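**Student:** have a look at this fold, sequence not included:
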């Protein structure tokens, strides 16, 4: 039987989301998801949000539930991409999202091309690659630091193992905060001259 999760807050609060049994999906824990959105909450309403390595779609769906205007899910694993659509459909979400069932860098390249035409960026970009895929962090953070995908004041957030330290700089991105909880951590990045790095623990 597939694992079950719930939307934490907002329009779809307590509604059930499904995962996939037997796949190497590692959904962000409810506690870490709640901690993340406690940080983002003041600015999430009306925001454009990208959920990379989206898995079940729980992060992006949480953003929609809390008032994000648009979410782009990128997930190359076909069954997981189909699951994201099922989870959205089960909540009655019919608009305000795009599911791209392709490799993350290819998807980001497409979004970067669209951004040049539309002149609009993302307020939040969240990435959660498989913890073992260390090179994915470097590749994606490097792309995001070089591309023009962030809106002014936009933020990149990476989930990773607590004992796996991400770079403080990635092209134009600068890490300004690390929030640790249990075995996981969230690294927060902004463009250019960021504030001094903060290390928080949310045990």
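**Tutor:** Right, received. Where do you want to start? It should be emphasised that the depicted structure is a prediction, and the values quoted were computed from it without experimental measurement. Numbering: from 1, shown residues only.
**Student:** from here on, contacts and neighbour counts on C-alpha atoms
**Tutor:** Noted.
**Student:** contacts only, for the residue lying closest to residue 149 once chain neighbours are set aside.
**Tutor:** Once flanking residues are discounted, residue 149 sits nearest to residue 121: 5.0 Å by C-alpha to C-alpha, 6 or more residues apart in numbering. By C-alpha atoms under 8 Å, 6 or more residues apart in numbering, residue 121 lies in contact with 48, 115, 148, 149, 150, 151, 152.
**Student:** so which of those sit within strands?
**Tutor:** Among those, DSSP state E puts 48, 150, 151, 152 in strands.
**Student:** ok now do the residue positioned nearest the centre of the chain, which residues does it touch?
**Tutor:** What sits nearest the mean C-alpha location of the chain, by C-alpha atoms, centre = their mean, is residue 126, with 2.3 Å. By C-alpha under 8 Å, 6+ apart, the contact set of residue 126 is 49, 50, 51, 52, 156, 157, 158, 159.
**Student:** buried set for the host helix or strand of the fifth one?
**Tutor:** In this case it means residue 156. Secondary structure from DSSP states H and E places residue 156 in strand 150-161. Buried residues in strand 150-161, defined by neighbour count with 16 or more other C-alpha atoms under 10 Å: 150, 151, 154, 155, 156, 157, 158, 159, 160, 161.
**Student:** can you pick out the most distant pair from these?
**Tutor:** Greatest spacing in those, by C-alpha to C-alpha: 151 and 161 (27.3 Å).
**Student:** which ones are touching residue 107?
**Tutor:** 74, 100.
**Student:** ok, then the element right after the one helix or strand it maps to?
**Tutor:** Residue 107 is part of helix 104-118, with elements assigned from DSSP H and E. Later in the chain than helix 104-118, the nearest helix or strand by DSSP H and E is strand 122-127.
**Student:** what's the helix or strand just after that next one packed up against?
**Tutor:** Next along the chain after strand 122-127, taking DSSP H and E as the criterion, comes helix 134-146. Under the contact criterion of 3 or more C-alpha pairs under 8 Å, 6 or more residues apart in numbering; DSSP states H and E, helix 134-146 touches helix 104-118, strand 169-170, strand 173-181.
**Student:** swap the cut-off to 10 Å and go again
**Tutor:** Helix 134-146 is packed against helix 104-118, strand 122-127, strand 150-161, strand 169-170, strand 173-181, strand 184-191, with contacts defined by 3 or more C-alpha pairs under 10 Å, 6 or more residues apart in numbering; DSSP states H and E.
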